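Novice: Sequence first, predicted coordinates after that:
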Amino acid sequence: MKFATWNVNSLAVRLPQVLDWLAQQASNGAPVDILALQELKMTDDKFPAAAFAEAGYQAQWFGQKTYNGVALITRSAASEVVKNIPGFEDDHARVIAGSFALPEAPATSGATSARTIRVIGAYFPNGQAPGSDKFAYKMRWLEALRTWVQQELAHHPHLVLMGDYNITFDDADVWDPEGMREAIHCTTEERQHLQALIDLGLHDSVRLFPQPDKNYSWWDYREFAFRRNRGLRIDHILVSSALRPMASACAVDKQPRKNERPSDHAPVVLTLG
DNA sequence: ATGCCTCAGCTCCTGAGA
């Protein structure tokens, strides 16, 4: 079972690249089962559901004009779909969650929660700069997310939280750690929130496996940052402790960043089983 | 360089991204 997250920076612009990438993944033997998209930048009525259906995918989406917007593109049907963090007032479309059948679940337990996987796709706030109103919103959002994910984990031991976190774990995720010391995406406060998610019993999938040096998921469009590999690792797939033993591979796929007119983010891909 | 690139929108500039 294959999971992926990709901030596409406008689905209207990137749709052909997403469809090509899904087709290419399938032709390589293992199709993506669940793809979380961020930054759709479109209203719900503009979502290209028919194009995904033609490619063999169902979709759940939560759009917004100009900014934000998230979706789950999936081979099987979603249930228990939730949009945004319950109880947290938010003008932004940043979260979409769904439950899916888990084929690899242990046969010993008959509980529904053991046979389903809970998937949360999220576009974490950027935060702009420490001390700004947007940073304060990011902190409030992170606090609400943690509280909700804790509740979700209690009901769904098999849980994946993936998306554009807009937070680096540590200096290894930053091309210039000294230059970006306590800058946005790298502050102690943001990293404490990320650690608080880990402390709920989640694991950074990428770090479960050997990775290349300077392993990033986002590169600025400017200054030839991708060519120089001046990037950040801010897109993450966190898996719960119950799922961790099933993880067999996880990596950033840099190939789509080499496309003509690419997103500034590359997809991260996790294989379970 | 409070810029550099890219995208959306009340589009020939501005806000936002990260």
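Specialist: Looks like it arrived, so ask away. Numbering: from 1, shown residues only, chains lettered A, B, ... in the order given.
Novice: Return the helix ranked longest in chain A as PDB; C-alpha atoms alone will do.
Specialist: Among the segments of chain A that qualify as a helix by DSSP state H, the longest is helix A:133-155. What follows is helix A:133-155, C-alpha atoms only, in PDB (Å, rounded to 0.1, in the frame of the first residue of the first chain):
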ATOM      1  CA  ASP A 133       0.000  37.500  13.600                       C
ATOM      2  CA  LYS A 134       0.400  34.600  11.100                       C
ATOM      3  CA  PHE A 135       3.000  32.900  13.400                       C
ATOM      4  CA  ALA A 136       0.600  33.200  16.300                       C
ATOM      5  CA  TYR A 137      -2.100  31.600  14.100                       C
ATOM      6  CA  LYS A 138       0.300  28.800  13.200                       C
ATOM      7  CA  MET A 139       0.900  28.100  16.900                       C
ATOM      8  CA  ARG A 140      -2.800  28.100  17.700                       C
ATOM      9  CA  TRP A 141      -3.500  25.800  14.700                       C
ATOM     10  CA  LEU A 142      -0.700  23.400  15.800                       C
ATOM     11  CA  GLU A 143      -2.100  23.200  19.300                       C
ATOM     12  CA  ALA A 144      -5.600  22.400  18.000                       C
ATOM     13  CA  LEU A 145      -4.200  19.800  15.600                       C
ATOM     14  CA  ARG A 146      -2.300  18.000  18.300                       C
ATOM     15  CA  THR A 147      -5.300  17.800  20.600                       C
ATOM     16  CA  TRP A 148      -7.400  16.500  17.700                       C
ATOM     17  CA  VAL A 149      -4.800  14.000  16.400                       C
ATOM     18  CA  GLN A 150      -4.500  12.600  20.000                       C
ATOM     19  CA  GLN A 151      -8.300  11.900  20.000                       C
ATOM     20  CA  GLU A 152      -8.100  10.400  16.500                       C
ATOM     21  CA  LEU A 153      -5.300   8.100  17.500                       C
ATOM     22  CA  ALA A 154      -7.400   6.800  20.400                       C
ATOM     23  CA  HIS A 155     -10.000   5.700  18.000                       C
END
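Novice: so how far is that helix from its chain's centroid?
Specialist: For helix A:133-155, the separation from the chain centroid amounts to 15 Å (computed by CA atoms, centre = their mean, to the nearest Å).
Novice: pLDDT (mean, whole number) over it?
Specialist: Here helix A:133-155 scores 98 as its mean pLDDT.
Novice: do the same with stretch A:34-49
Specialist: Rounded mean pLDDT across stretch A:34-49 is 98.
Novice: Now do the end-to-end distance for that stretch.
Specialist: 15 Å (CA to CA, to the nearest Å).
Novice: Show me which positions of it end up buried.
Specialist: A:Ile34, A:Leu35, A:Ala36, A:Leu37, A:Gln38, A:Glu39, A:Leu40, A:Lys41, A:Met42, A:Phe47, A:Pro48 (16 or more other CB atoms under 10 Å). Where C-beta positions appear, they are placed from N, C-alpha and C, glycine not excepted.
Novice: List the residues that contact the fifth one.
Specialist: Shown here is A:Gln38, whose contacts under the criterion CB atoms under 8 Å, 6 or more residues apart in numbering are A:Thr5, A:Trp6, A:Asn7, A:Val8, A:Asn68, A:Gly69, A:Val70, A:Gly121, A:Ala122, A:Tyr123, A:Gly163, A:Asp164.
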